[in-house]
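Q: pasted the sequence and its predicted model underneath.
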Amino acid sequence: MKVLVTGSNGLLGRALKKVLGDGHIYHTREDVDLTNYEETFNYLQDKVLNEGVDTVIHTAARVGGVSANMNNNQSFFDDNYIINSNVIKACSILQIDNFVNILSTCIFPHENIVYPLTSEQIDNGAPHPSNYGYSYAKRLSGYETQIFRNVLNKNWYSVVPTNLYGPHDNFNLEDSHLIPGMIHRAYLAKQNNEKFVIWGDGSPLRQFVYSEDMAKLIVWSLTNWDSEKHCMMIDETEVSVMEVANIISKKFGFSNEDLIFDDTKPKGQFRKPAASDIKDFNFKPIEDGINETIDWFITNYETARK
């Protein structure tokens, strides 16, 4: 099996590179612009014909946190829809044997659902308005993957993780996800001897998966998952934003008096627990994963995405 990973400089792409190791192809945006179909097809065709690629793990996407999504719903839809469609269409023409499409729990409806979320509920309503564009683009890519699985009779499927975090994440203060954004704010607050500000009131609950854990599960799925049903790869433990803040605060040496919760900032849905199709996997404990991510960020601060 020769694997090509799209978006290999991203959070999950970097983790897949670590897990898969040498001997595979790791696409970056410098190699080809995935919003251009002709360039995308030619690039993939070359890798299939000349380097023996038979498997594609599609992680490339335009991503961002709550604020970035709320302010850019249309462009998040446009960019992700074009990227996904170009990659999926090219892979179908090239008859790729194994295609893994990466989704997100944001594709689920925010109403008319029963917790925990299962893949059967995806079509029960609209996603949350805070990330409408990204969510619908991801949903459509899931449908496309299912269609081509049946047309090609090949091992094509989508996987659904919860909130990924880890080294090589995007730590930008304006458009990062919860954990990396909070880590960066804590770092700056410590450097400047200021209070540590947490967005929202700390009450929302989330399920998190360390990026390397997710990479290991995706590689496992290549030989163990054979269904058009989306594979839910979830650590079912719910963790509050308050708990995340306390872990980060402890690592940086803040006291309780140093924490400020800014409830004028967006906080997203209160909770959206999902059920996992993976039952026998030891996920990295959240405190260990966050501490390793902080260590990586401090060590690589000058070159980290921020």
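A: Structure received. Residues are numbered from 1 along each chain as shown.

Q: now Ile93, nearest residue through space, not along the chain?
A: Nearest residue to Ile93 in three dimensions, chain neighbours excluded: Phe41, at 7.1 Å (CB to CB, 6 or more residues apart in numbering). To be clear about C-beta, it is placed using only N, CA and C from the backbone, and glycine gets the same treatment.

Q: name the element the one you found belongs to?
A: Per DSSP states H and E, Phe41 falls inside helix 37-51.

Q: number of residues surrounding Lys265?
A: 13 (other CB atoms under 10 Å).

Q: please renumber so the chain begins at 51
A: Got it, the first residue is 51 from now on, which makes the last one we talked about Lys315.

Q: helix, strand, or coil at it?
A: coil (DSSP: H, G, I helix; E, B strand; the rest coil).

Q: shouldn't it be in contact with Gly252?
A: No: with contact defined as CB atoms under 8 Å, Lys315 does not reach Gly252; the gap is 11.4 Å.

Q: ends of stretch 312-331, how far apart?
A: Length of stretch 312-331, first residue to last, CA to CA, to the nearest Å: 36 Å.

Q: what average pLDDT does that stretch get?
A: Mean pLDDT, stretch 312-331: 84.

Q: same deal with stretch 272-284?
A: 94.

Q: name the residues that touch it?
A: Stretch 272-284 has contacts (CB atoms under 8 Å, 6 or more residues apart in numbering) with 51, 105, 148, 150, 153, 155, 167-169, 172, 192, 196, 199-200, 205-212, 257, 259, 264, 267-268, 271, 324-328.

Q: please pick the buried ones from the residues you listed.
A: Judged by neighbour count, with 16 or more other CB atoms under 10 Å as the criterion, the buried members of those are 105, 148, 150, 153, 155, 167-169, 172, 192, 196, 199, 205-212, 257, 259, 264, 267-268, 271, 324, 326-328.

Q: now intersect the residues you listed with the helices, please.
A: Judged by DSSP state H, these include Gly192, Gln196, Arg199, Met264, Leu267, Ile268, Ser271 as members of helices.

Q: in space, what's closest to the last one - neighbours in sequence excluded?
A: When you say that, I think you mean Ser271. Nearest one to Ser271, counting by CB to CB, 6+ apart, is Cys281 at 5.9 Å.

Q: do the same with the fifth one
A: Residue nearest to Leu267 in three dimensions, not counting chain neighbours: Met283, with 4.8 Å by CB to CB, 6+ apart.

Q: tell me what the one you found is bridged to.
A: Counting by DSSP bridges, Met283 forms beta bridges with Pro211.

Q: burial of it, as a residue count?
A: Met283 has 27 neighbouring residues, counting by other CB under 10 Å.

Q: any idea how far Glu352 is from it?
A: Going from Met283 to Glu352 by CB to CB, to the nearest Å gives 33 Å.

Q: can you check Asp330 too?
A: Taking CB to CB, one finds Asp330 at 40 Å from Glu352.

Q: what do you get for Glu224?
A: Separation of Glu224 from Glu352 (CB to CB) stands at 19 Å.

Q: do Gly71 as well
A: Distance from Gly71 to Glu352, counting by CB to CB: 27 Å.

Q: how about the strands of this structure, start to end?
A: 53-56, 75-76, 105-108, 148-152, 205-211, 213-215, 246-249, 255-256, 258-260, 281-283, 289-290, 309-312 (DSSP state E).

Q: lovely, talk soon.
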